[in-house]
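[1] kindly return the folded structure for what I paste below:
(chains A and B)
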Amino acid sequence: MKNKFDLFLSLSTELTGFELIRLLGTGMQLTYFDIVCDRTGKDNSDLLWKEWKMVQSKADDIEEAIRVRILSHPQLGPMARNIITLWYLGQWNQMPATWRSNYGSQPSDVTQIISGESYKEGLVWMAIDAHPMGAKQPGFDSWSAPPTQ
Amino acid sequence: MKEIPKEKYKKDKGHYDVVIVGAGISGAMLANQLSINGKKVLILEAGVEKKFTYDSYQDYVNYFYTQQAKVPNSPYPNNTYAPQSNVLDINKISPGEPDTSGYFVQYGPLPFSSTNTRSMGGTTLHWLGICLRMLPKDFNMYSTYKHGVDWPIDYKHLKKYYEQAELEIGVSGDVEDLRYPGTNRHYFGDYRFPMHKIPQTYLDKLLSRKLKGMKYDDEGDKVDIDVVSIPQGRNSIPNKDYIDPRTKKPYQPKGAVGNSHEGLRCEGNSNCIPICPVQAKYNAIKTLNEGLDPKRNHPIEIQFQSVVSSLEIDSDHGKIKSIYYKRYEKEGDPSSITYHKIEAKRYVLAGSAIENAKILLASDAAKTSGQVGRNLMDHPYMLTWALMPEKEYVGPFRGPFSSSGIPSFRDGKFRNRHSAFRTDIGNWGWNFPTGAPYTDVQSMVQNGNLFGKSLRKALYDQVQRQFRFGFLIEQIPCETNRITIDPAYTDAMGNYRPVIFYNLTDYEMSGFATAKNLSDQIFQRLGAAQFTTYSPNDAGYCEFEGEGYTYHGSGHIVGTHRMGKNKHDSVVNSDQKCWDHQNLYVVGCGSMPTIGTSNPTLTMTALVLKTAEALIKDLRK
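    Got it, this is the predicted structure:
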């Protein structure tokens, strides 16, 4: 029986392209889950988990289904995109103005970097094979080596 | 806020040899040298009280992580009683209407785009750390090229102070890489830096290989294009043959304040601007900390939250009688402000080219030359950026902001026609021009409709090929580029805000044009796709011969109290002593008559060390 948090995690792995172990390694998963639910509003986020649960169990081509049923959906798409940027940058983008007027606006829905921790745990740095600027220093002379991958 | 009459300012007790305004690098270096020589020194610093602990500095680092716009002053919160400029406040200026969004009141026509920091340590908190000396010809621009002015001293007079500055800051470099443009000579003699150069990045080495043998044709003059390492005030491997004259032992890098084991080497935090988390980059707090040494007869004293507003001048002989300042217990609370004046044997203004000019103007001081506040200069910084060819990954966002550059246009016959410039190779992809990698994520998700593994792959493929150049263009002094004051514009404490008039001339714009052509040719040679765009909506947008260019500030605020040979055309002499007021020294980049193509902090430090010698002699009289 999948609960909402599990659905958030599995959706996050698909949306970010990072394995579950990487997401858990950031330590941000509970914080981000709370932020998504709180800043989009319970009704909206519940709909997203419900839709993802159906896609996950029924779709043949998950990637296509995500595009068709979530990313291009006017209510679900902006939430899903925000989940991506939240994981990648540690930053919450305020929901678009039209979304807020159609589906509700929460007082906590403001653009901001969640915390110093979320900045440092942004997945973008791992994606580009670097490190957060100002943190997780790779060490003296590490920069003279060719890029990996 | 209403000013109280000067008679109501309370005179401080205390008998100092020297009172210095400002705890930035000039103030710190000068105070330290005076204190070593047994002089009693007080520094008045406008910024909030900070402790000399590791945690105190880490507060800045932690604050920085949560700032969305990671601009140079982002770790250093603004203080309404010691306000400072911010890059986010720099806008296009509408003709006839000043831009007052930030601390600076900007009349333009172009925005002055550099910022400084009013806290303990000053702008060395966010500086980049590049430590290049000016070239010998930079001191004689007028005699040699009929542009700009001549300094009252030559490179040879400053050479030993440059060496001392490189020791006090702790500079890593390789003299073999510092050839005089167009020749194979360097001008360092037997001298070697205290530490070996910061290792060059993979990108530097790739560009060095690919540009080898390249020549640029500048209207008939063929200029060799080289890629060389740049000396910087950033800890690296100490040179075991460099014997520190202060300790008589091999040089030891200075680590973080309050945690001397940290910061002994650059660790690749890739964050020099706006803050080095480990303090491998020099900051002036290190020198202030040395000055506190209790073993001295007179360790330096610092009094924070003390904002100097003006000088009291004795009208009989023009000497400074006292410094007027306002002290606040709590930022933003007017009831916590008290009004003071303090006397000393000698006075030093070291508050930056901006604040020094403001204080002199507010005091009606140093009037003979009419040059106070004038000849404001910066290095307009022009960016170009490109993507390496397919699969040519260069490993950006590693290492310091810049470890190498192209020195080829720092000097040459072309200076008869257009500005000299220096080229930085940027190691952080398109971070400066476009806000990469944050903007890459946002646009790939929102517009590119990418997600999952394709997003990851696209980010790697795009960002890993990003690289950029930055061109520091020499600005020539011009009287009408100036800082002034106006009672209509004051801050929360009732002190003047700087009112700035600023423009660029064809001489500089011609330098922009050459730099852009050079950049275009380099990209063509590399097969790199150019993405440089300059928009008329950019704050620093300007046009020349039908082409548009955008410049940024380099953080180099220079020229507002220049030195010279006599009191009629300069504010200070070559010891930075004020011509008009014999017990006043005005120090910092404001004393520089021209800016050359080197980041000015090293020259400023050399000048203040020369001043220290002169001031110590002066006090003995």
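
[2] hey, let's count contacts and neighbours off CA atoms from now on
    Noted.

[3] for the stretch 151-300 of chain B, just list every one of the strands.
    B:215-218, B:221-224, B:228-229, B:243-244, B:249-250 (DSSP state E, counting those that start in this stretch).

[4] how about low-confidence regions in the chain?
    This is for chain A. A:1, A:149 (pLDDT under 70).

[5] you answered for a different chain; I wanted chain B.
    B:1.

[6] centre-most residue in it?
    residue B:556 (4.1 Å; CA atoms, centre = their mean).

[7] ok, it to residue A:52 distance?
    Residue B:556 sits at a distance of 54 Å from residue A:52 (criterion: CA to CA, to the nearest Å).

[8] over to residue B:297?
    Residue B:297 is 73 Å from residue A:52, by CA to CA.

[9] tell me which of those two has more neighbours.
    For residue B:297 and residue A:52, the more surrounded residue by other CA atoms under 10 Å in any protein chain shown is residue A:52, and the numbers stand at 23 against 13.

[10] doesn't the more buried one lie inside a helix?
    Yes. Looking at residue A:52 with DSSP: H, G, I helix; E, B strand; the rest coil, it is inside a helix.

[11] for residue 58, grab the count of nearby residues.
    Defaulting to chain A. Neighbours of residue A:58 (other CA under 10 Å): 11.

[12] that was the other one, I meant chain B.
    16.

[13] what helix or strand is it on?
    helix B:54-65 (DSSP states H and E).

[14] just the CA trace of the helix or strand that that helix is followed by, in PDB.
    The helix or strand immediately downstream of helix B:54-65 is strand B:105-109, counting by DSSP H and E. The C-alpha coordinates for strand B:105-109 follow below in PDB (Å, rounded to 0.1, in the frame of the first residue of the first chain):
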ATOM      1  CA  VAL B 105      22.800  58.300  -6.600                       C
ATOM      2  CA  GLN B 106      23.600  57.800 -10.200                       C
ATOM      3  CA  TYR B 107      23.300  60.600 -12.800                       C
ATOM      4  CA  GLY B 108      25.200  58.700 -15.400                       C
ATOM      5  CA  PRO B 109      24.900  58.900 -18.300                       C
END
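
[15] which parts of the helix or strand that strand B:105-109 is followed by are buried?
    Note on strand B:105-109: by DSSP H and E, the next helix or strand toward the C-terminus is helix B:141-145. Neighbour-count burial for helix B:141-145 flags B:141, B:144-145 (criterion: 16 or more other CA atoms under 10 Å in any protein chain shown).

[16] which residues touch helix B:141-145?
    Contacts of helix B:141-145 with the rest of the structure, by CA atoms under 8 Å, 6 or more residues apart in numbering or on different chains, involve B:137, B:147-150, B:413, B:415-416.

[17] picking that back up, other SSEs contacting the helix holding residue B:58?
    Under the contact criterion of 3 or more CA pairs under 8 Å, 6 or more residues apart in numbering or on different chains; DSSP states H and E, helix B:54-65 touches helix A:116-120.

[18] so is whichever strand or helix holds residue A:30 next to chain B?
    For residue A:30, the element it lies in under DSSP H and E is helix A:29-40. No. Judged by CA under 8 Å from any CA of the partner chain, helix A:29-40 stays clear of chain B, getting no closer than 15.6 Å.

[19] and that helix, what's buried?
    A:29, A:32-33, A:35-40.

[20] which single one of those is nearest to residue B:155?
    residue A:32 (58.1 Å; CA to CA).

[21] what about residue B:490, distance to residue B:501?
    17 Å.

[22] neighbour-wise, which of the two wins?
    residue B:501 (21 against 16).

[23] kindly indicate which of the buried residues of helix B:141-145 lies nearest chain A.
    residue B:141 (37.8 Å; CA to the nearest CA).

[24] which residue does chain B bring closest to chain A?
    Taking CA to the nearest CA, chain B has residue B:452 as its residue nearest chain A, at 3.5 Å.

[25] that residue touches residue A:10, doesn't it?
    No. Using CA atoms under 8 Å, residue B:452 makes no contact with residue A:10, being 11.8 Å away.

[26] with adjacent residues omitted, what lies nearest to the residue of chain A found nearest chain B?
    Using CA to the nearest CA, residue A:17 is the residue of chain A that sits closest to chain B, at 3.5 Å. Leaving aside its chain neighbours, residue A:17 sits nearest to residue B:452 (3.5 Å; criterion: CA to CA, 6 or more residues apart in numbering or on different chains).

[27] ok, that neighbour to residue B:294 distance?
    59 Å.

[28] how about residue B:543?
    57 Å.

[29] neighbour count: residue B:452 and residue B:294, which is higher?
    Using other CA under 10 Å as the criterion, residue B:452 and residue B:294 rank with residue B:452 on top: 16 against 10.

[30] can you pull the residues of chain A lying near chain B?
    Going by CA under 8 Å from any CA, the residues of chain A near chain B are A:13-18, A:81, A:84-85, A:88-89, A:112-116, A:119-120, A:124, A:127-147.

[31] that older thread, enumerate every residue touching the residue nearest to the centre of chain B.
    With CA under 8 Å, 6+ apart, residue B:556 has these contacts: B:114, B:377-379, B:599-600.

[32] please, which helix or strand holds it?
    Counting by DSSP H and E, residue B:556 is part of no helix or strand.

[33] and the residue nearest to the spatial centre of chain A, how close does it get to residue B:368?
    Chain A has residue A:83 as the residue nearest its centroid, 2.7 Å off, counting by CA atoms, centre = their mean. According to CA to CA, residue A:83 stands 64 Å off from residue B:368.

[34] and residue A:99, by the same measure?
    Applying CA to CA to residue A:99 and residue B:368 gives a distance of 64 Å.

[35] tell me which of the two has more neighbours.
    Taking other CA under 10 Å, residue A:99 and residue B:368 do not tie; residue A:99 has more neighbours (17 against 14).

[36] as a quick check, tell me the outermost residue of chain A.
    Among the C-alpha atoms of chain A, the one most distant from their mean position (CA atoms, centre = their mean) is that of residue A:141, at 33.1 Å.

[37] quick one: it from residue B:169, how far?
    Counting by CA to CA - residue A:141 and residue B:169 are separated by 21 Å.

[38] can you check residue A:143 too?
    23 Å.

[39] equivalent analysis for residue B:132, please.
    From residue B:132 to residue B:169 the distance is 12 Å (CA to CA).

[40] between those two, which one's more packed in?
    Comparing residue B:132 with residue B:169 by other CA under 10 Å, the one with more neighbours is residue B:169, at 27 against 22.

[41] which stretches in chain A count as strands?
    Taking DSSP state E, the strands of chain A run over residues A:91-92, A:112-113.

[42] am I right that residue B:355 is in a strand?
    No. Residue B:355: not assigned to a strand; according to three-state DSSP it is helix.

[43] dump the residue contacts of it.
    Residue B:355 neighbours (CA under 8 Å, 6+ apart): residue B:498.
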